[in-house]
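J.: Got a predicted structure here, sequence first:
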Amino acid sequence: MEKKYTYIGISFIVLIFGIWTVYELNNRFGGKKLETIGKAPQFELTNQFNKKIDNTVYKDKVYVLEFFFTTCPTICPRMNQSMKKIEQKFYGNPNFGLASITINPEHDTPQILLEHSQQLGITSKNWHFLTGEKAYVYNLANKGFNLYAGENKAASGGFEHSGLIALIDKNGNIRCRK
């Protein structure tokens, strides 16, 4: 079982750096090399500082979005670390942001998300850890971004999700899900 998680972790890191490369190519070639998958859905959630965050926060920015949960015993810690590497690469860039949306909002309150972001050492004002009503979050994940998330009592941690992240361009278009 440990080999499976190691393989998933390594694969995920490779994908993250692939997305970073796509982002860099998008900047250098004016966005002409990426397909447009569709518009990112409108959303309004609460961040780790108990502040409402919606799509206008990301207006005219490129951002990377993930679905995770703080008590995840499998892929989420690796996902968060990969997101942190991306955050460090673009730290201070006002045209770049990150969003981590919990799929366990009953546990992951703004206070828990703040503690989680502090444990990760996140200081960027452009990275929001977000929570909201469970049905709303699942609809956003499954239908809005088409990144699977759901409850599964048999799964490790009680939840399962695709482990994919989305790259959204400055015009609000989903350009990549890896």
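T.: Perfect, I can see it now.

J.: D60: what's it in contact with?
T.: 95, 170 (CB atoms under 8 Å, 6 or more residues apart in numbering). Using the backbone N, CA and C atoms, a C-beta is placed for each residue, glycine as well.

J.: again, but for the one 10 residues further on
T.: Residues counted as contacts of T70 (CB under 8 Å, 6+ apart) are 76, 102, 104, 107-108, 112-113, 116.

J.: Considering the residues you listed, which possesses the most neighbours?
T.: Highest neighbour count within these, by other CB atoms under 10 Å: T102, with 28 neighbours.

J.: My read is that that one contacts D108, right?
T.: Yes. If you go by CB atoms under 8 Å, T102 and D108 touch, sitting 3.8 Å apart.

J.: Just give the number of residues close to E66.
T.: Neighbours of E66 (other CB under 10 Å): 22.

J.: My read is that it contacts S162, right?
T.: No. If you go by CB under 8 Å, E66 and S162 don't touch, sitting 9.9 Å apart.

J.: Skipping adjacent residues, who's closest to E160 in space?
T.: N152 (4.7 Å; CB to CB, 6 or more residues apart in numbering).

J.: Just want to check the distance between that neighbour and K51.
T.: N152 sits 31 Å away from K51, going by CB to CB, to the nearest Å.

J.: N171 too?
T.: Distance from N171 to K51, by CB to CB: 24 Å.

J.: where does this protein have low pLDDT?
T.: 1-33, 158, 177 (pLDDT under 70).

J.: how about the residue nearest to the spatial centre of it, what does it touch?
T.: The residue lying closest to the centre of the chain (CA atoms, centre = their mean) is E66, at 1.8 Å. E66 makes contacts with 79-80, 83, 99-101, 165-166, as judged by CB under 8 Å, 6+ apart.

J.: Can you point out the buried residues in stretch 115-132?
T.: 116-117, 120, 122, 124, 126-132 (16 or more other CB atoms under 10 Å).

J.: could I get the residues you listed as CSV with distance to C176 and secondary structure?
T.: As requested, the buried residues of stretch 115-132 are exported to CSV (distance: CB to CB, whole Å; DSSP: H, G, I helix; E, B strand; the rest coil):
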residue, distance to C176, secondary structure
H116, 25, helix
S117, 24, helix
L120, 23, helix
I122, 23, coil
S124, 21, coil
N126, 19, coil
W127, 19, strand
H128, 20, strand
F129, 22, strand
L130, 20, strand
T131, 25, strand
G132, 24, coil
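
J.: Noted, bye for now.
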